[in-house]
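Participant: Quick one: sequence and predicted model below, then my questions.
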Amino acid sequence: MNTTSLLQVLRTRIDELAVAIAPISLQRASQARFDKTLFATHSTQLKDYLLEVRANMDKLQHSVEQARTDQVAFLAEKLAGQLAALQRELATKGLRKSERQPPAAENFYQKLATHQDYERRLQAMINDRENQHALQTTLAGQQQLQREILALEGRLQRCKQALTRLERIIERQERGLG
């Protein structure tokens, strides 16, 4: 078999793998799927790894045309490893279903809206107590209102921390880091 035929067989194999992966190519995993030495991509979706395989195939084709034997050998070995890894991933997709999936983004958006409402209500309560404090004439009443304000400010601080955490989670999900 000549080089052109071998490259065509390899392209056909990549296309067949792409068809097999297509139904699950957009599913996200909880973390990057492969070792850093095998793939430069650090995605949670198989489609990104398949894109890298196709790019490496194009580089291999170019290296063959340029008669760079060292680079051809390196890329051929790398492609073989990448294809084997993708085939193993495809073979174990049934096991991946049992992997813990991240909660749906809508839940985080709903929690974010709920916490924003808590924040608004806590701030209103603090403002109300501060107004009452300014109008209070007795020392005992002022001290009681001051304790309530401090307690509400503590709750508001914890609420803001929860909001920050939720915003980070949503941001990571939107960037595909899950």
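Facilitator: Sure, I can see it. These numbers come from a predicted model, not from an experiment. Numbers count the residues shown, from 1 in each chain.
Participant: Could you point out the helix or strand that follows the helix or strand bottoming out on mean pLDDT in the chain?
Facilitator: The helix or strand of the chain with the poorest confidence is helix 93-96; it has a mean of 62 (mean pLDDT, DSSP states H and E). Using DSSP states H and E, the helix or strand that follows helix 93-96 towards the C-terminus is helix 105-135.
Participant: That following helix: which residues count as buried?
Facilitator: Buried residues in helix 105-135, defined by neighbour count with 16 or more other C-beta atoms under 10 Å: 108, 111-112, 115, 118-119, 122, 125-126, 129, 133. All C-beta atoms are positioned from the backbone trio N, CA, C, and that covers glycine.
Participant: between these, which is closest to A73?
Facilitator: F108 (47.6 Å; C-beta to C-beta).
Participant: so how far is the first residue of stretch 26-37 from its last?
Facilitator: 23 Å (C-alpha to C-alpha, to the nearest Å).
Participant: dump the residue contacts of the residue lying closest to E167 once chain neighbours are set aside.
Facilitator: Among residues not flanking E167 along the chain, L112 sits closest, at 6.9 Å (C-beta to C-beta, 6 or more residues apart in numbering). By C-beta atoms under 8 Å, 6 or more residues apart in numbering, the residues touching L112 are 163, 166-167, 170.
Participant: In a markdown table: those residues, plus distance to I24, neighbour count and pLDDT.
Facilitator: Formatted as a markdown table, the contacts of L112 follow (distance: C-beta to C-beta, whole Å; neighbours: other C-beta atoms under 10 Å; pLDDT from 0 to 100):
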| residue | distance to I24 | neighbour count | pLDDT |
| --- | --- | --- | --- |
| L163 | 34 | 16 | 94 |
| L166 | 29 | 20 | 91 |
| E167 | 30 | 13 | 91 |
| I170 | 24 | 15 | 86 |
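Participant: Redo those residues as a markdown table? Include distance to Q82 and secondary structure.
Facilitator: Compiled in a markdown table, those are given as follows (distance: C-beta to C-beta, whole Å; DSSP: H, G, I helix; E, B strand; the rest coil):
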| residue | distance to Q82 | secondary structure |
| --- | --- | --- |
| L163 | 42 | helix |
| L166 | 37 | helix |
| E167 | 36 | helix |
| I170 | 32 | helix |
